[in-house]
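Chemist: Predicted coordinates and the sequence they were generated for:
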Amino acid sequence: MEKTVTYITDYNCVTPLGYNAEDNWQNVLDGKSGIRKHDLFESQPPFHAGIIDNNELGSIFTAEFKSENFTRLEKMLLLSLKPLIEKNGVKEKTAFILSTTKGNVSLLKNKIAPPEEAYLSELAKTIADVFGFKTKPVVISNACVSGVMAVSVAKNMIESGLYEDAYVLAGDEVSEFVISGFNSFQAMSSEPCKPYDESRDGITIGEAAAALYVTSTPPTDGIYFKILGESAVNDANHISGPSRTGEGLFRSIENALKEAQISAEQLDYLSAHGTATIYNDEMESIAFTRAGLQNVPANSLKGFYGHCLGASGLLEIIIAMECGRNNTLIKSLNLEKPGVSHTLNIITENKAQEIEYILKTASGFGGSNAAIILKKCAQ
C-alpha cells in the first residue's frame with residue numbers, strides 16, 4: 001500500500017511582531033525584535049520578554065469575535081486559528097491538535113483547587129467548540145518540543161487513515177508562574193537572549209499563538225511544504241539538563257533524515273532551538289556536528305520572539321517556511337562572538353539563497369528532542 005503524503009498548505013501566527021504570518025515575516029526580515037523589558041509581577045524582578053500588547057490584542061479580538069468570555073491565551077489561540085478555518089473548513093474527519101506547556105496556568109493563582117478551565121483538555125475543548133470540530137481534540141504537552149511534535153502527530157494521524165486533515169494550534173503566554181519557575185533555575189537572561197554567543201547567560205521568555213493546516217491533498221497552485229520526515233527521541237539524561245553528548249537530538253535528526261531519504265548535505269536551512277542557555281546551545285553544537293550539519297546555514301529565532309514554550313516549535317516552523325517561500329536566510333539576532341565548542345554555520349546577516357529542504361529541531365526539559373524535515377513544493 002502506498003504511503004500517504006502529508007503537506008502543510010496554510011499557516012498563521014499571533015505574536016508581539018504581528019497578528020498574521022505576513023507581518024511577522026516582514027518584521028523578522030527587517031531585524032525587529034519583539035523583546036522588551038517588563039515589570040509585571042510584584043513577586044518577580046523586571047525581566048526581558050516578548051509580550052503581546054494587551055490593548056491591541058483586546059481590540060483586534062473584539063473586532064473578530066462577538067463574545068469576550070475568553071482568557072487572554074484563548075483569545076490569542078482563536079485569532080491565530082480563525083483565518084485557517086475560514087479558508088479550509090472543518091470536515092467530519094478533521095483532527096484538531098493543541099500544543100501547549102502551561103495553558104491557562106494563570107487561573108491557578110490563589111486557588112486551593114484547580115478550576116476546570118485550567119486543565120489543558122478543557123482549553124482544547126473550548127477552542128474546538130468555537131470552530132465546531134467533530135473529532136475529539138488531542139493535546140500535546142511535552143515541554144519545549146511540543147510544537148514540533150504536534151506537527152509529527154498530525155502527519156501520523158493522517159497517514160493512519162483515520163483523519164483526512166488536521167489543524168495544529170500552539171500557544172503559551174508569559175505568566176508569573178513561568179517567570180518565577182525560570183528565575184528559580186537562575187536561567188533568565190539579564191539582557192535579550194544571545195543564542196550561541198560566548199556571553200550568553202540564559203533564556204528570554206516569549207509568548208505566541210501559531211496555527212497550521214496539514215492535509216494529504218496538495219493545492220493546485222502556489223507554494224506549499226511536504227512533510228518528508230520526523231522523529232522524537234528522549235535521551236533520559238536529566239529532568240532539566242540536556243545530554244552532554246546530544247544523543248537524543250542526534251538520533252532524532254538521523255531518524256528524520258532516514259525517513260526523508262535525503263542526506264545532511266542536501267539540507268538548505270536549519271532552524272535550531274537555540275535557547276541561549278549555556279548547556280542547550282553547547283549540546284546542539286555537538287549533536288549537529290555528529291549529524292554532519294556543521295556547514296548547514298543555521299539560526300535561532302529566540303532573539304526575535306524569546307522562548308515561546310509550547311508555541312516555539314510551531315512558530316519557528318512557520319517562519320522557516322516563510323524563509324523557504326522567500327528564499328531568504330534570516331540572521332540569528334544578538335550573536336557577536338560564537339561560544340560553542342563545535343563550530344556551526346550560524347547566519348549572521350540576511351542572505352538570499354534557494355531553499356528547498358528545511359530541518360527544524362527542538363529540545364526540552366525531561367530529555368525531550370524532536371526533528372522535522374520539510375520540502376518546498378510549487379504548482
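Modeler: Yep, it's here.
Chemist: and stretch 324-337, which residues are buried?
Modeler: Neighbour counts over stretch 324-337 (16 or more other Cβ atoms under 10 Å) mark 324, 325, 328, 329, 330, 331, 332, 333, 334, 335 as buried. Just so you know, the C-beta spots here come from the backbone N, C-alpha and C atoms, and that holds for glycine as well.
Chemist: Now the second one: closest residue in space, sequence neighbours ignored.
Modeler: Taking Cβ to Cβ, 6 or more residues apart in numbering as the measure, residue 325 lies nearest to residue 223, with 5.2 Å between them; neighbours along the chain are not counted.
Chemist: any idea how far the one you found lies from residue 301?
Modeler: Distance of residue 223 to residue 301, given as Cβ to Cβ, to the nearest Å: 20 Å.
Chemist: any idea which of the buried residues of stretch 324-337 is closest to residue 236?
Modeler: Nearest to residue 236 among the buried residues of stretch 324-337 is residue 332, at 29.4 Å by Cβ to Cβ.
Chemist: Can you report phi and psi for that closest one?
Modeler: phi -90, psi 110 (degrees, to the nearest 10).
Chemist: now it: how far from residue 151?
Modeler: Note on residue 332: its distance to residue 151, by Cβ to Cβ, is 22 Å.
Chemist: repeat for residue 88
Modeler: For residue 88, the distance to residue 151 (Cβ to Cβ) stands at 16 Å.
Chemist: between these two, who's got more neighbours?
Modeler: residue 151 (28 against 15; other Cβ atoms under 10 Å).
Chemist: which stretches of the stretch 101-250 of the chain form strands?
Modeler: For the stretch 101-250 of the chain, applying DSSP state E, counting those that start in this stretch gives strands covering 138-140, 165-172, 205-206, 208-215, 223-232.
Chemist: Which residues outside the first one are in contact with it?
Modeler: Translated: strand 138-140. With contact meaning Cβ atoms under 8 Å, 6 or more residues apart in numbering, strand 138-140 is reached by 95-100, 120-121, 123-124, 146, 149-150, 153, 157, 310.
Chemist: one more time with 7 Å, if that's ok
Modeler: Strand 138-140 has contacts (Cβ atoms under 7 Å, 6 or more residues apart in numbering) with 95, 97, 98, 99, 120, 121, 124, 146, 149, 150, 153.
Chemist: Could you please name the strands it pairs with and the direction of each pair?
Modeler: The sheet places strand 138-140 alongside strand 94-99 (parallel), with pairing taken from DSSP bridges.
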